[in-house]
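K.L.:
have a look at this prediction, sequence included:
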Amino acid sequence: MPRTDSLELGELTDSMFYILLALTTPRHGYLVMQFVEETTRGRMQIGPASMYTIIKKLLNAELIEPMDGDKKKKNYRITNKGRSILTDDVKRRQAMVEDACAILDMEGSR
């Protein structure tokens, strides 16, 4: 399903997906990395350099925003636009899994 917005990011990468998911609750960088590792039960880890590169891209695309507050630990949160993109991406990923299950005859294993 093609996107109707003018995002220059293209489809969300797995790292972008989990960072946006983490920022549905305001968090600073370390807590984002911890959230991703805990949520994925260690399947994915995002290092500081990658995370801050992605955060910069998400900020530029207005999918997240900085929050006022602690100067030492900058907190971010998802925007309405970011939540919409994330919701669309969840639907896209669900459709992909349904396609794979049908092709691999895994209907009963869901």
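P.N.:
Everything's here; your move. Numbers count the residues shown, from 1 in each chain.
K.L.:
OK, contacts around residue 52?
P.N.:
If you count contacts by C-beta atoms under 8 Å, 6 or more residues apart in numbering, residue 52 has them with residue 29. Where you see a C-beta, it was placed from the backbone N, CA and C, and this is true even at glycine.
K.L.:
tell me the phi and psi of it?
P.N.:
phi -70, psi -30 (degrees, to the nearest 10).
K.L.:
pLDDT wise, what is it at?
P.N.:
At residue 52, the model reports a pLDDT of 93.
K.L.:
before we move on, what about residue 10?
P.N.:
For residue 10, the predicted pLDDT is 74.
K.L.:
repeat that for residue 26.
P.N.:
96.
K.L.:
and what of the one 3 residues further on?
P.N.:
Reported pLDDT at residue 29 in the predicted model: 92.
K.L.:
can you tell me how far it is from residue 78?
P.N.:
Residue 29 sits 15 Å away from residue 78, going by C-beta to C-beta, to the nearest Å.
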